[in-house]
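Enquirer: The sequence and its predicted three-dimensional model are supplied below.
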Amino acid sequence: MPPVQAWSYFVPDMLAFALAAATAVHLRRRAREAGAWALVWMSWSVAGWAALDAAMAGTGAPGLAVLLARLLYVPQVGVALGWLVFALEYTGQSRHLRRWPAVVVFALGAATVLLAVAGDPTGWLVRGGTLTGAGGAFGLVPEYGVWRPVHQGWFWGSIIYATGTLGLHLAQSQRHVNRLGFVLGAPLMAAAAQAVSGHGWPLPVWVDLHPLGAALAAAGLGWSLFQVDGGNVAPVARTTVVEEMEDAVVVLDRDNRIVDVNRSARERLGLRLLGPLPVELAAAWTSVRRRLGDADIPVSERVPLRGPHGQVVPFEMRVTMMRPGEGSGGRAVLVLRDITTQEALERELRSASAALSRLAHTDELTGLANRRSLMDRLREEVDRAHRYGRPLTLVLLDLDHFKRVNDQWGHAAGDEVLRVTARALERISREQDLPGRMGGEEFAVVLPETDAAGGRILADRLRLEIGRCTHETDSGETFRVTASLGVATLAPGSGTDMDTLVQRADVAMYRAKELGRNRVALAG
């Protein structure tokens, strides 16, 4: 088992520990609320469960693995009792904790803990097991004792009773119905973890997801039942909200004087009450004001602004005209949001889009136009040649004996030959021409506004330029490669289509090879 794969089996326990610990720490701030301390207890029990399970997966000692499997009963008892106590405390039914059914539940939990801590000499909890695993991750497939079904029934019975108590309590008020789904979903998370664990798919049989399911359940209960209830919180003054906003807020009067600014505008842009508007901001505001007129619809515009330390930062300026009333007519509110990150992401997207466009139209090895781009351009030029009665020539060329290059000096040398050939095509081609790679060692050049004679001349120049190129191997040997070229011309009024033009150039190219290679042949 590769190390990365082995580590992946620790991930559920690591996530469970982190989530449970975070839930416990978060709930400590709500410790005075009913049931919060029990949910903290439950969360730390889940964290202990996850830690023990991870330790068991990291040991290769069978005896230690059996010991850890037995100790896992302790945090499981903590989870069930924490869940139950939390439900009774939260719903105001803590009096039931002093009645005999609760005493029996706690007694059974205490008996399980005593058996686990005392060493379980009777083997009621874990009689043994088979240690399996590799690559640093192990798992015990335990052989449970007679107490196991008792513990499972006690565990799930406590959780189901606690969930039912919470559910009935929340269902009595329409205000809390939205939280009911989280409460009912909590035991389902734990049940789903038990359903997935121990079956060997998709994870090994010894990978236990129970801690992760319990951690999700605790987090769901804590978030849904101890979130801030807006109906019980005193409203915050709007001026305080504006003052603490991360965005810069500027209020202007009819004469474009600053009549109010928040903390961000003062600190980030150096703006002051009744102070001057920066030149860039004043220009942007004037442009927006001209477009806005007397409308009160919000308008936005991007503007670069210089901060108090001289750095230029891009902002999005959102403008809202204040409605008339209480002397506010004519005032405008400018909200300036730093969009540095947004612009960086947009640049990355544009760069990625350009790169994708290049990949779609460019041959990766040579940097020339690829076959698709060549055919698109050739189709356009054929249509233009027919429309305006202008000549068009296509040159196809194939490197001679290229297979010998790969066989004798390797594919790296062959790739370098293709790149050098591409540069030769670029040197000889005119600005209006389009050289490209058709595939393998075959290239093409589209020659607009070129008749057969001109095509023949340029093809000869291409052949000579390719033949003059010297190639060097890794061992220092030098060699040259020649090319065979076929030239086909679309005469005005001939009615030749693109496919026919390509076929004629291809036939001419192979005739050049048959005539001895390193030569140019014209299509008939």
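Expert: Happy to help now that I have it. What you see is a predicted model, and the numbers here were worked out from it, not measured in a lab.
Enquirer: what's the spacing between the closest residue to residue 39 other than its chain neighbours and residue 410?
Expert: Among residues not flanking residue 39 along the chain, residue 86 sits closest, at 4.7 Å (C-beta to C-beta, 6 or more residues apart in numbering). Backbone N, C-alpha and C define where each C-beta goes, glycine included. Between residue 86 and residue 410 the distance is 71 Å, computed by C-beta to C-beta, to the nearest Å.
Enquirer: and what of residue 264?
Expert: From residue 264 over to residue 410 (counting by C-beta to C-beta), the distance is 62 Å.
Enquirer: before we move on, what about residue 246?
Expert: 59 Å.
Enquirer: Please identify which of residue 264 and residue 410 sits among more neighbours.
Expert: residue 264 (21 against 13; other C-beta atoms under 10 Å).
Enquirer: How about the more buried one, nearest residue that isn't a chain neighbour?
Expert: Closest residue to residue 264 apart from its sequence neighbours, by C-beta to C-beta, 6+ apart: residue 248 at 4.5 Å.
Enquirer: ok, the one you found to residue 322 distance?
Expert: 17 Å.
Enquirer: Over to residue 24?
Expert: 48 Å.
Enquirer: Of those two, which one has the most company?
Expert: residue 24 (20 against 17).
Enquirer: what comes up buried for the helix or strand where the more buried one lies?
Expert: Element membership of residue 24 [criterion: DSSP states H and E] is helix 11-28. Neighbour counts over helix 11-28 (16 or more other C-beta atoms under 10 Å) mark 12-13, 16-17, 19-21, 23-24, 27 as buried.
Enquirer: Likewise for stretch 280-287?
Expert: Counting neighbours by 16+ other C-beta under 10 Å, stretch 280-287 gives 281, 284-285 as buried.
Enquirer: I'd like the residues you listed as a markdown table, with pLDDT and secondary structure appended.
Expert: Putting the buried residues of stretch 280-287 into a markdown table (pLDDT from 0 to 100; DSSP: H, G, I helix; E, B strand; the rest coil) gives the following:
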| residue | pLDDT | secondary structure |
| --- | --- | --- |
| 281 | 82 | helix |
| 284 | 81 | helix |
| 285 | 80 | helix |
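Enquirer: What degree of burial does residue 128 show, as a neighbour count?
Expert: Residue 128, neighbours per other C-beta under 10 Å, totals 14.
Enquirer: all helices for the stretch 151-300 of the chain, in order.
Expert: 177-196, 210-225, 238-243, 263-269, 279-292 (DSSP state H, counting those that start in this stretch).
Enquirer: repeat for the stretch 351-500 of the chain
Expert: Counting by DSSP H, counting those that start in this stretch, the stretch 351-500 of the chain has helices at residues 371-388, 402-409, 411-428, 452-468, 498-514.
Enquirer: confidence score at the residue nearest in space to the middle of the chain?
Expert: The chain has residue 345 as the residue nearest its centroid, 13.2 Å off, counting by C-alpha atoms, centre = their mean. You'll see residue 345 listed with a pLDDT of 85.
Enquirer: swap in the one 4 residues further on?
Expert: Here, the pLDDT recorded for residue 349 equals 84.
Enquirer: and if you look at residue 237?
Expert: So residue 237 comes in at 41 (pLDDT).
Enquirer: swap in residue 263?
Expert: For residue 263, the predicted pLDDT is 85.
Enquirer: thought residue 55 was touching residue 68?
Expert: Yes: contact criterion C-beta atoms under 8 Å: residue 55 and residue 68 qualify, at 5.8 Å.
Enquirer: Between those two, tell me which one has more neighbours.
Expert: Set side by side, residue 55 and residue 68 show more neighbours around residue 68, with 21 against 15, by other C-beta under 10 Å.
Enquirer: Just give the closest residue to the more buried one, not the sequence neighbours.
Expert: Leaving aside its sequence neighbours, residue 68 sits nearest to residue 56 (C-beta to C-beta, 6+ apart; 4.1 Å).
Enquirer: burial measure for that neighbour, as a count.
Expert: For residue 56, using other C-beta under 10 Å, the count is 24.
Enquirer: Need the three-state assignment for it.
Expert: Secondary structure assignment for residue 56 (DSSP: H, G, I helix; E, B strand; the rest coil): helix.
Enquirer: And it, how close does it get to residue 413?
Expert: 57 Å.
Enquirer: And for residue 355?
Expert: Distance from residue 355 to residue 413, by C-beta to C-beta: 28 Å.
Enquirer: who touches stretch 469-481?
Expert: 399-402, 405, 409-410, 412-413, 416-417, 420-421, 424, 466-468 (C-beta atoms under 8 Å, 6 or more residues apart in numbering).
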